[in-house]
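Peer 1: sharing a model that was predicted from the sequence below.
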Amino acid sequence: MSSPETLTAGRGVLGVIGHPVSHSMSPRIHNAAFQAQGLDLVYVTFDVPIDRLSAAMAGIRALGIRGVNVTLPHKQAVLPHLDGVSRLADRVGAVNTIVNDDGRLVGHNTDVLGFQKALRSLLPEGAGGRRCLVVGAGGAARAVVAALVEDGAEQVWVSNRTHERAVQLCAVASAWGRTLCEAVTLGRVREVIAAAEVLVNATSLGLAGPVKELALPVDTVHSGHVVVDLVYSDSATPLVREAQMRGASTADGMEMLVMQAVESYGLWTGLKPPVDVMLESVRRGEG
Ligand code: NAP
């Protein structure tokens, strides 16, 4: 933490808006990076209930806040308040990063690039030509599917508790590129896992703890699979642990979380982000 002597009048402010937001790891990641690069910037959390979003956006402009991350429940709701959006944010229909360029607020979606980078730690060439299963059809799944299509995946299957949402996601994603997108019912998941190379959990199922339900039938996972769990926790998630026991290559949500932060940091500062420092900040668990 900064001491009062290190705070200066010129310090720029960045942050994350969400509700609730106190659990966010983003301050830890960004403040570690600002410190490492000697930048006079600080990153804080802004707890913004839904009925205060409009006022918060006006506040960002009025106070000259350099940029913010956007988390639940505002990732879609923030769109009408922006002056522009990047191609990927427009495609995903959600914004997780806002850059304040002299009062002009532009939205980006760095979850897409964050997922691509996390996947590259396991598959250096990305998802190009691969067959992939995404479980989930919410905001995170949409970013993952956009990333897989962007990478040139051959096939993306989407399975979700509420099947209709998977159908809707595939209908939209089919127009994004050449990737074949197909919604599959939960009853077909085992068959699809056998044909897939990349498996992604983009549901909120599978946090470590008393609830043991997993998003994927792990007995079907084998050493040829690459498994990415978007859920993150201090230790390996149950899905990652089970997949590792079966010899699969794995990454959990922490990797993607840091990589989306790396992308946001680059947008705000224009600098090459100190990736190792940012990764280390979450591994050390320092606040
Ligand atoms: P969301 O829009 O609320 O979507 C939640 C998804 O999980 C939906 O597909 C939902 O299915 C499914 N789901 C929830 N409870 C379920 C249950 N009991 N059984 C089966 N499916 C269930 O949330 P989101 O923003 O997509 O986030 C999803 C997860 O990704 C969260 O754990 C979030 O923390 C994580 N995430 C991680 C990162 C990262 O950087 N690592 C980034 C973004 C999100 P229905 O459609 O049937 O409700």
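Peer 2: Arrived safely.
Peer 1: now do the same end-to-end measure for stretch 127-135.
Peer 2: Using Cα to Cα, to the nearest Å, the gap from the first to the last residue of stretch 127-135 comes to 16 Å.
Peer 1: all further residue positions should be reported with the first residue as 58.
Peer 2: That works, and once the first residue is 58, the last one we named lands at stretch 184-192.
Peer 1: who does Arg188 bridge with?
Peer 2: Using DSSP bridges, the bridge partners assigned to Arg188 are Gln212.
Peer 1: pretty sure it contacts Leu256?
Peer 2: No - the criterion here is Cβ atoms under 8 Å, and Arg188 misses it with Leu256 at 10.2 Å. In short, each C-beta sits where N, CA and C put it, glycine included.
Peer 1: next one: Asp309 from the ligand, what distance?
Peer 2: Relative to the ligand, Asp309 is positioned 8 Å away (Cβ to the nearest ligand atom, to the nearest Å).
Peer 1: who touches that residue in this structure?
Peer 2: Residues touching Asp309, when contacts are defined by Cβ atoms under 8 Å, 6 or more residues apart in numbering, comprise Val285, Asp286, Val288, Tyr289, Ser290, Ala293, Thr294, Val297.
Peer 1: just the ones in strands from those, please.
Peer 2: Using DSSP state E to define strands, the subset of these located there is Val285, Asp286.
Peer 1: quick one: buried ones out of the contacts of Asp309?
Peer 2: Val285, Asp286, Val288, Tyr289, Ser290, Ala293, Thr294, Val297 (16 or more other Cβ atoms under 10 Å).
Peer 1: hmm, which of these is lowest in pLDDT?
Peer 2: Of all those, Ser290 carries the smallest pLDDT score, 80.
Peer 1: and for the nearest residue to His220 once chain neighbours are set aside, the neighbour number?
Peer 2: Counting by Cβ to Cβ, 6 or more residues apart in numbering, the nearest residue to His220 once its immediate chain neighbours are dropped is Thr242, at 5.7 Å. Other residues near Thr242 come to 12 when the count uses other Cβ atoms under 10 Å.
Peer 1: pretty sure Thr242 is touching Ser216, no?
Peer 2: Yes - with contacts defined as Cβ under 8 Å, Thr242 counts as touching Ser216 at a distance of 7.1 Å.
Peer 1: and the contacts of the longest helix seen in the chain?
Peer 2: Using DSSP state H to assign secondary structure, the helix with the most residues in the chain is helix 310-326. With Cβ under 8 Å, 6+ apart as the contact definition, helix 310-326 has outside contacts at 71, 82-83, 86-87, 90, 94, 96, 98, 123-124, 126, 153-154, 156, 165, 167-168, 170-172, 174-175, 178, 285-290, 294, 328-330, 332, 335-336, 339.
Peer 1: mind redoing it with 6 Å?
Peer 2: 86, 90, 124, 154, 156, 167-168, 170-172, 174-175, 287-289, 330, 332, 335-336, 339 (Cβ atoms under 6 Å, 6 or more residues apart in numbering).
Peer 1: go through that helix and flag the buried ones.
Peer 2: For helix 310-326, the buried set under the neighbour-count rule, 16+ other Cβ under 10 Å, comprises 310-322, 324-326.
Peer 1: can you pull the residues of the chain lying near the ligand?
Peer 2: Proximity of the chain to the ligand, by Cβ under 6 Å from any ligand atom, involves residues 168, 171, 193-198, 217-219, 222, 259-262, 287-289, 310, 313-314, 317.
Peer 1: Arg188 and Leu256: which is more packed in?
Peer 2: Comparing Arg188 with Leu256 by other Cβ under 10 Å, the one with more neighbours is Leu256, at 27 against 17.
Peer 1: tell me which element the more buried one falls in.
Peer 2: In this structure, Leu256 is located in strand 255-258 according to DSSP states H and E.
Peer 1: over to Asn157?
Peer 2: Asn157 belongs to strand 154-158 when elements are defined using DSSP H and E.
Peer 1: outline the domain layout of this protein.
Peer 2: Domains of the chain are assigned by automatic domain parsing as 69-167+314-343, 169-312.
Peer 1: what average pLDDT does stretch 255-274 get?
Peer 2: For stretch 255-274, the per-residue pLDDT values average out at 82.
Peer 1: please enumerate residues in contact with it?
Peer 2: Stretch 255-274 is contacted by residues 184, 187, 189-193, 197-198, 201, 247, 282-288, 290, 294-296 when judged by Cβ under 6 Å, 6+ apart.
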